[in-house]
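Asker: Quick one: sequence plus predicted model below, questions after.
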Amino acid sequence: MLEPVVDPAAGTQVMGVVNVTPDSFSDGGRFLDTERAIAHGRALLADGADILDIGGESTRPGATRPLLEEELDRVVPVIEALAADGAVVSVDTMRSEVAAAALGAGASIVNDVSGGLADPGILDVVAATGATYVAMHWRAHSDRMQRFTAYDVPGGVVEGVRAELLARVRAIRAAGVADDRIVLDPGLGFAKEPDDNWPLLRNLDRLAELGYPLLVGASRKTFLGRLLAGADGAPRAVDAREAAGVAVTTLLAAGVGGARVWCVRVHDVRAHRDALRVAARWTTDEERADR
Ligand code: PMM
């Protein structure tokens, strides 16, 4: 059985994103994609990542799903190499077969953006192995999730997400996953209008009340692109949203959402790590040692 990954006493963890998806600028095939992803993971470790999140399925709005075999071919060799380097590895998948293969290859966390809704068998894999399980709030696959952005309940999106996550917690526990292996995630950008993400960030305490550590993925998301839209209304480009994501991390670390966040899932690890260092130093009384 795997040991739990979450140390409640540790500071905010940084999860670096390693997307293993085909590079449209290269015709080098699978080998180059694999090598590039491994090199990227090593660079994120050097930048201070605590965890590497390795995924072979894009979940950006509108994305279509890869075949199972494609997803396995993408992630397993990358996980093997980075786990052999000693990295704490998370697999970003909704499929039980991929979760099982990833755990066999050295991963210790299953990051399931569907919270067990896409393939309920994934919960049995997690329970049998003792893996840590990140359950994100989700309503539908990415090619149609933006049709499901209505939260017609008292309290709106915050209470809607809370209730739906609580239902997932019940299913996850019923499958035999231990409480100290469960992490919850509000699922920023998934079946949410851009303006829905802000109340979720502002009211993270409502999700923390469920009693599990929280993971938040704001990095490079559309809602930040919309916030930073130019005068013509066009959203800021994906690769120019990092500073806004770092601001989110800083505010989370300062507890502005009313809750401590266990982990942030980010692309530019060094920038977010720096922000967390500032926040930690700000709140630690080491004045004497400095003089
Ligand atoms: N976002 C994406 C993918 N995986 N996993 C978790 N737990 N939380 C997220 O917010 C999340 C995720 C999509 O973002 P990307 O396309 O930039 O990786």
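Answerer: Good, I have the coordinates.
Asker: Could you measure from the residue nearest to residue 84 when sequence neighbours are not counted over to the ligand?
Answerer: Nearest residue to residue 84, sequence neighbours excluded (Cβ to Cβ, 6 or more residues apart in numbering): residue 106, at 6.8 Å. For the C-beta atoms, the positions are set from N, CA and C on the backbone; glycine is no exception. Separation of residue 106 from the ligand (Cβ to the nearest ligand atom, to the nearest Å): 19 Å.
Asker: can you confirm residue 106 is in a helix?
Answerer: No. According to DSSP: H, G, I helix; E, B strand; the rest coil, residue 106 belongs to no helix; its state is coil.
Asker: Show the contacting residues for it.
Answerer: Residue 106 makes contact with 79, 80, 82, 83, 84, 89, according to Cβ atoms under 8 Å, 6 or more residues apart in numbering.
Asker: can you pick the most crowded of those residues?
Answerer: residue 79 (30 neighbours; other Cβ atoms under 10 Å).
Asker: In terms of helices and strands, where is it?
Answerer: helix 68-84 (DSSP states H and E).
Asker: Quick check: buried residues in that helix?
Answerer: Residues of helix 68-84 classed as buried under the neighbour-count rule (16 or more other Cβ atoms under 10 Å) are 71-83.
Asker: before we move on, what about stretch 126-146?
Answerer: Buried residues in stretch 126-146 (16+ other Cβ under 10 Å): 126-127, 129-139, 141-142, 145-146.
Asker: Of these, which belong to strands?
Answerer: Mapping the buried residues of stretch 126-146 onto strands (DSSP state E) picks out 132, 133, 134, 135, 136.
Asker: Specify the beta-bridge partners of the first one.
Answerer: What that stands for is residue 132. residue 109 (DSSP bridges).
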